[in-house]
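S.K.: kindly generate the corresponding structure for this input.
(2 chains)
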Amino acid sequence: MQGTLPSSPLGGSTTVQHVSHTVEEGTGKGPSTGRWKMEAVVFILSLVDCCALIFLSVYFIITLSDLECDYINARACCSKLNKWVIPEMVGQCLSTMLMLVSMHWFTFFLNLPVAAWNIYRYVKVPLGNMGVFDPTEIHNRGQLKSHMKEAMIKLGYHLLCFFIYLYSMILALIND
Amino acid sequence: PPQPGPPQPGPPSRHLGGHYPSLPLGYQNAAPPPAAILTQTLVPVPLSQPLGGPGPAQLSPSLAAMSLQSSTPEALRVVNLLQERNLLPPIPIPPPTPCLQQDLQKINCNPEVFRSTLTSIPQTQSLLNKAKMPLGLLLHPFKDLSQLPVVTSSTIVRCRSCRTYINPFVSFLDQRRWKCNLCYRVNDVPEEFMYNPVSRSYGEPHKRPEVQNATIEFIAPSEYMLRPPQPAVYLFHSSTWSHNASLLDNIKLPGDSRTKIGFVTFDSTIHFYNLQEGLSQPQMLIVSDIDDIFLPTPDSLLVNLNECKELVQDLLKSLPTLFQKTMETQSALGSALQAAYKLLLPTGGRMSVFQTQLPNLGVGALQSREDPNQRASAKDVQHLSPATDFYKKLALDCSGQQVAVDLFLLSSQYCDLASLGCISRYSAGSVYYYPSYHHQHNPAQVECFQRDLKRYLTRKIGFEAVMRIRCSKGMSIHTFHGNFFVRSTDLLSLPNVNPDAGFAVQMSIEENLDDMQIVSFQAALLYTSSKGERRIRVHTLCLPVVNSLSDIFAGADVQAITGLLACMAVDRSATASLSDARDAMTNAAIDSLASYRQSVLSIQQPGLLAPACLRLFPLFILALLKQKAFRTGTSTRLDDRLFAMCQLKYQPLVYSMLMIHPALYRVDDLSDEGALNINERTVPQPRVLQLSVEKLSREAAFLMDAGTVMYLWVGRSCQPAFLTQVLGVSSYAAVPDNLHLLPELDTAESQRTRAFIGWLRDQRPFFPPLHVIRDESQLKPTFMQNMIEDRTESALSYYEFLLHLQQQISK
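M.R.: All right, here's what the predicted structure looks like:
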């Protein structure tokens, strides 16, 4: 962008200086700074998202074990859990999209199976069932145990992702 | 009293005498006696087996726990299925007796009430997996019993940790302490329990009725009530009312002075009936806002039956005329059910819904999903699961408020029983289905409906019930079958419990049952009787533990296994697909026979070998594959198929076995040979025949007992004597087409035939209609479809099925 300085009130002439985007070499600022800033932002967002998913997994585990120990009944448990199925899916897909957009292929492929599984689980619910967690079926055929196992695996997986993002974020912030 | 003796094989029994009765050897859960003494002797082993009553088990359970070295018992006799044709015993098969000590087996629970698929429980889960047979229990807890001990006691003795009720299989350590047989915790005997009111003696708690009877009923004190016991409340809910009005006139509904009754009818609007005492005639209130249901008056829609009897009778007389000229074709069932639910909300009770068409208006409207061209499809059958979760949600709401919904489908067209059935399935109701019902054109169905309705209205009923099934430590229940809602891990919520409902559960062995000789199972049903009394019915079953595969096979109960497999297959068809379920059933037969061949048979012979106790297993599997519920390739209406599936899950085992494998008898040559003498009536006992056209003969007449219906097939050249003396007609051509009542003629043959049919009918609480059919009758295809041993265009014959099994086993 070229700009002309207004003539000084003293009447002297002044030179026009080009102000350009390109920056002197060597300081490491500019696009690489922006890129590292963007990296840090991406990882901060994923970290927050992952935290939320961890809390959600823990909530699932606590509710399911309450059901196992008879502290709540099947209907209350299932309605609580069904409420959070879609937010969990959204959170997981958000994390996946973030990784895709910022082109971090390793973490993208790490996130993809879980997102795909969540979507598959949601879509495959039969018409007659009241959601992914159905109170009439949860005590049959060991479904309670398999839901619990699934929640535990997800918890472990989210913790792993959390540390990966933490490390990457710190790396990005240091390089900033 | 028998003398206590040193540890020897022979019939040990409870020691009585000076010191307090302690357990006989092998019964205590301590280490079994040293093996050295027992292996030396060869004891002849007349183990369980049928044909004439339970054989007393002579072994102590510790002996039974060791594998049998000597002569094989009757149950394990090797049968080559390809060579022996006559496998059916002449009388209906009795359930096998568990291999327990005689005094334990004498007080064990009646197998008609509580039955296990394997009467000898495997010690470990891996052993069970090797046997390849399902492990489960089949219960009929509220069966009408002729003798039921009822105990009124201020204290109901229960284990402190697992809350098991005291039962005949606990062990008394001394006079004051008892050890629970499910969790092995030692409890104290309360002071009141020491006194025995029956024998008026003190100090012998083991003689009290609770410890002498495996089936017992307690009158429950107030700790067992969440709210005061509810009165009997009946709501009748119908879309038309042209037929059954007169039926309710002379019926005595179970209940006491607090019994309430109400009526709701609907088409595209909902009609309530104000039956307040003091009105000169019933008043009809119509609510047309079906999207936002409200009750027009707060009370007097459900009224006390005794106080408003005349109004109720007036209403029943006038209802048929109200609906006679109706042209309505719309049915707002969903909204009507919600309205009825609101009505029953405060008290709970029973809702009887009579539906005649597909609900097509308002919430819960259903589409016609059946494709008539796909009825005879040899591939998979679609639409076996519900289309909407509306009825399931409503059923769960009802279950929470102790309302049970019974469904009567009286329709000639598709009604989507897959979705509608959910309303009964999860609220512990029952489904009745009358295809092609028409009150003028189909009198047989009308009669069937009227008789069923009469039984339905007058049978015993329990309200606001829960049932808990407990098993010994180490075993757990993982799947439930039947009409109820599983509220928590082993607690079944049953808003209504009725004597015609059966249940099944599947179990797994979580921990090895290493040092246990016996395991016990207890089913406790807590309910409110129709007279407002809170009662607990407790059944306890005890079974031995074995650790060899041959003992497991010796104790297999083929009918219970078939019943449980049918329930599992119904589940599988809904969750996976029908072809999956069919394959799973065939694989069950293949796997169990292959396991027998590999692990138990010592000598390998050619042919298809099975133990005698499982010789009928392939026959029953073939019968299931040809059953209406699971058959492919034969035209079956979707609703018929779904109703057969509902019945397989809902009926108690003995009736579902008759449905799966009907009993065929020849009745034109009944004689008094081997007849039973019951109530001064001679009841002839003809032999059970195989279900093959080979056994039918043109010159005879045959009776087929299929549980809920009976067919009397008359051969074309049947002896004239039979025609005249039993059917009362002069020739074959004169047999009327829809005869379903045998004339009461004075001839000996007529009396014998009627005595036999009456005896069969007396054994069951409902009334199976009889159809007399000839070759030209419309019911002949139905009769012939029950001939399962024969080949059809779409299914194998019994022999071909055996060859198929053999081929798969030797792969």
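
S.K.: how far away is B:Phe620 from B:Arg572?
M.R.: The spacing between B:Phe620 and B:Arg572, counted by C-beta to C-beta, to the nearest Å, is 17 Å. Placement of C-beta: from N, CA and C, glycine included.

S.K.: the closest residue to B:Ala700 other than its chain neighbours: neighbouring residues, count only.
M.R.: Closest residue to B:Ala700 apart from its sequence neighbours, by C-beta to C-beta, 6 or more residues apart in numbering or on different chains: B:Asp668 at 4.8 Å. Neighbourhood size, B:Asp668 [other C-beta atoms under 10 Å in any protein chain shown]: 23.

S.K.: what about B:Phe620 and B:Arg572, which has more around it?
M.R.: Set side by side, B:Phe620 and B:Arg572 show more neighbours around B:Phe620, with 23 against 18, by other C-beta under 10 Å.

S.K.: quick one: residues contacting that one.
M.R.: B:Val558, B:Gln559, B:Thr562, B:Ile660, B:His661 (C-beta atoms under 8 Å, 6 or more residues apart in numbering or on different chains).

S.K.: for it, helix, strand, or coil?
M.R.: helix (DSSP: H, G, I helix; E, B strand; the rest coil).

S.K.: do B:His271 as well
M.R.: Quick answer, by three-state DSSP: B:His271 is strand.

S.K.: what about the closest residue in space to it that isn't next to it in sequence, distance to chain A?
M.R.: Excluding the flanking residues, the one nearest B:His271 by C-beta to C-beta, 6+ apart is B:Thr265, at 4.7 Å. Between B:Thr265 and chain A the distance is 28 Å, computed by C-beta to the nearest C-beta, to the nearest Å.

S.K.: quick one: B:Thr265 and B:Leu316 touch, right?
M.R.: No - B:Thr265 lies out of contact with B:Leu316 (C-beta atoms under 8 Å); the separation is 11.9 Å.

S.K.: give me the below-cutoff pLDDT ranges for chain A.
M.R.: A:1-33 (pLDDT under 70).

S.K.: hmm, try it at 90
M.R.: Applying pLDDT under 90 to chain A picks out residues A:1-43, A:70, A:73, A:102-104, A:126-131, A:140-142, A:168-176.

S.K.: wasn't B:His478 part of a helix?
M.R.: No - under three-state DSSP, B:His478 sits outside any helix and is assigned strand.

S.K.: what number of residues lie near the residue nearest to B:His271?
M.R.: 22.

S.K.: wasn't it part of a helix?
M.R.: No - applying three-state DSSP, one finds B:Thr265 to be strand, outside a helix.

S.K.: near chain B, which residues of chain A?
M.R.: Proximity of chain A to chain B, by C-beta under 8 Å from any C-beta of the partner chain, involves residues A:67-68, A:70, A:73-75, A:126-130, A:135-136, A:139-142.

S.K.: and the residue lying closest to B:Phe617 once chain neighbours are set aside, what's its pLDDT?
M.R.: Leaving aside its sequence neighbours, B:Phe617 sits nearest to B:Val558 (C-beta to C-beta, 6+ apart; 5.2 Å). Listed pLDDT for B:Val558 reads 94.

S.K.: where does the stretch 551-700 of chain B dip in pLDDT?
M.R.: In the stretch 551-700 of chain B (pLDDT under 90), the answer is B:575, B:598-609, B:612, B:632-636, B:667-700.

S.K.: residues of it that sit close to chain A?
M.R.: Checking the stretch 551-700 of chain B against chain A by C-beta under 8 Å from any C-beta, the hits are B:Asp571, B:Thr575.

S.K.: so where do the helices sit in the stretch 551-700 of chain B?
M.R.: B:558-575, B:578-595, B:617-625, B:638-650, B:653-660 (DSSP state H, counting those that start in this stretch).

S.K.: any chance of these in JSON lines, plus distance to B:Ile518?
M.R.: Listed next are the helices of the stretch 551-700 of chain B as JSON lines, based on distance: least, C-beta to C-beta, whole Å:
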{"stretch": "helix B:558-575", "distance to B:Ile518": "19"}
{"stretch": "helix B:578-595", "distance to B:Ile518": "24"}
{"stretch": "helix B:617-625", "distance to B:Ile518": "26"}
{"stretch": "helix B:638-650", "distance to B:Ile518": "30"}
{"stretch": "helix B:653-660", "distance to B:Ile518": "23"}
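
S.K.: B:Glu673 is nearest to which of the ones you listed?
M.R.: helix B:653-660 (24.6 Å; C-beta to C-beta).

S.K.: contacts made by that closest one with the rest, please.
M.R.: B:112, B:115, B:138, B:140, B:502, B:559-560, B:562-563, B:566, B:620, B:623-624, B:627, B:644, B:647-648, B:651, B:705-708, B:764.

S.K.: just how off-centre is that helix within its chain?
M.R.: 8 Å (C-alpha atoms, centre = their mean, to the nearest Å).

S.K.: same question for stretch B:387-401.
M.R.: With C-alpha atoms, centre = their mean, you get 24 Å for stretch B:387-401.

S.K.: with just CA atoms, put it into PDB.
M.R.: C-alpha atoms of stretch B:387-401 as PDB (Å, rounded to 0.1, in the frame of the first residue of the first chain):
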ATOM      1  CA  ALA B 387     -41.700 -48.100  13.700                       C
ATOM      2  CA  THR B 388     -42.000 -45.500  16.400                       C
ATOM      3  CA  ASP B 389     -41.000 -45.200  20.000                       C
ATOM      4  CA  PHE B 390     -44.300 -43.600  21.000                       C
ATOM      5  CA  TYR B 391     -45.900 -46.800  22.300                       C
ATOM      6  CA  LYS B 392     -42.700 -47.800  24.100                       C
ATOM      7  CA  LYS B 393     -42.500 -44.400  25.900                       C
ATOM      8  CA  LEU B 394     -46.100 -44.600  26.800                       C
ATOM      9  CA  ALA B 395     -45.700 -48.100  28.100                       C
ATOM     10  CA  LEU B 396     -42.800 -46.900  30.300                       C
ATOM     11  CA  ASP B 397     -44.900 -44.100  31.600                       C
ATOM     12  CA  CYS B 398     -47.700 -46.500  32.400                       C
ATOM     13  CA  SER B 399     -45.300 -48.900  34.100                       C
ATOM     14  CA  GLY B 400     -44.100 -46.100  36.300                       C
ATOM     15  CA  GLN B 401     -47.600 -45.400  37.500                       C
END
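
S.K.: nearest spatial neighbour of the residue nearest to the spatial centre of chain B, skipping sequence neighbours?
M.R.: For chain B, B:Pro652 is the residue whose C-alpha lies nearest the centre (C-alpha atoms, centre = their mean; 0.8 Å). What sits nearest to B:Pro652 in space, not counting adjacent residues and going by C-beta to C-beta, 6+ apart, is B:Gly502, at 3.4 Å.

S.K.: over to B:Leu315?
M.R.: B:Pro282 is the one closest to B:Leu315 (C-beta to C-beta, 6+ apart), at 4.2 Å.
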